[in-house]
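Novice: can't give you the sequence, but here's the structure:
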């Protein structure tokens, strides 16, 4: 199966192929196939239900500010039984995870500012 055939099969199952993935596939089919295989294995039902995996991926996407991943993981979570309330709560939790990294990354500047005389 070629990467284009794989993308078409994914589209038929309701997935959206984002432009970065299309470009990656056009430039390096082997690596793209490996990536898609790994994603498929990771998101398969296992110890965690797919809904929980999608919500975890959504939280990471929000914290990393990846708009295409936010949309895709929201859809995946909804397709696997997540409610709007669960999705919104996941986004709220991710907001605080992101805020913690912003505050942490600001520590050197805050320390410098704190040491300055008025």
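Specialist: All right, it came through fine. Please read these numbers as outputs of a predicted model, since none were measured by experiment. Residues are numbered from 1 along each chain as shown.
Novice: which strands and helices sit next to the longest helix anywhere in the chain?
Specialist: Ranked by residue count under DSSP state H, the longest helix found in the chain is helix 84-105. Contacts defined by 3 or more Cβ pairs under 8 Å, 6 or more residues apart in numbering; DSSP states H and E place helix 84-105 against helix 50-64, helix 67-79. Yep, even glycine has a C-beta here, placed from its N, CA and C like the rest.
Novice: what distance separates it from the middle of the whole chain?
Specialist: With Cα atoms, centre = their mean, to the nearest Å as the basis, helix 84-105 stands 13 Å off its chain's centre.
Novice: Taking their axis directions, it and helix 67-79 sit at what angle?
Specialist: Comparing the axes of helix 84-105 and helix 67-79 via axes from the mean of the first three to the mean of the last three Cα atoms, to 10 degrees yields an angle of 150 degrees.
Novice: Next SSE downstream of helix 84-105?
Specialist: Next helix or strand after helix 84-105 toward the C-terminus (DSSP states H and E): helix 107-115.
Novice: Dump the helices and strands packed on helix 84-105 into TSV; add mean neighbour count, mean pLDDT and distance to residue 35 as well.
Specialist: Formatted as TSV, the helices and strands packed on helix 84-105 follow (neighbours: other Cβ atoms under 10 Å; pLDDT from 0 to 100; distance: least, Cβ to Cβ, whole Å):
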stretch	mean neighbour count	mean pLDDT	distance to residue 35
helix 50-64	20	95	14
helix 67-79	18	93	13
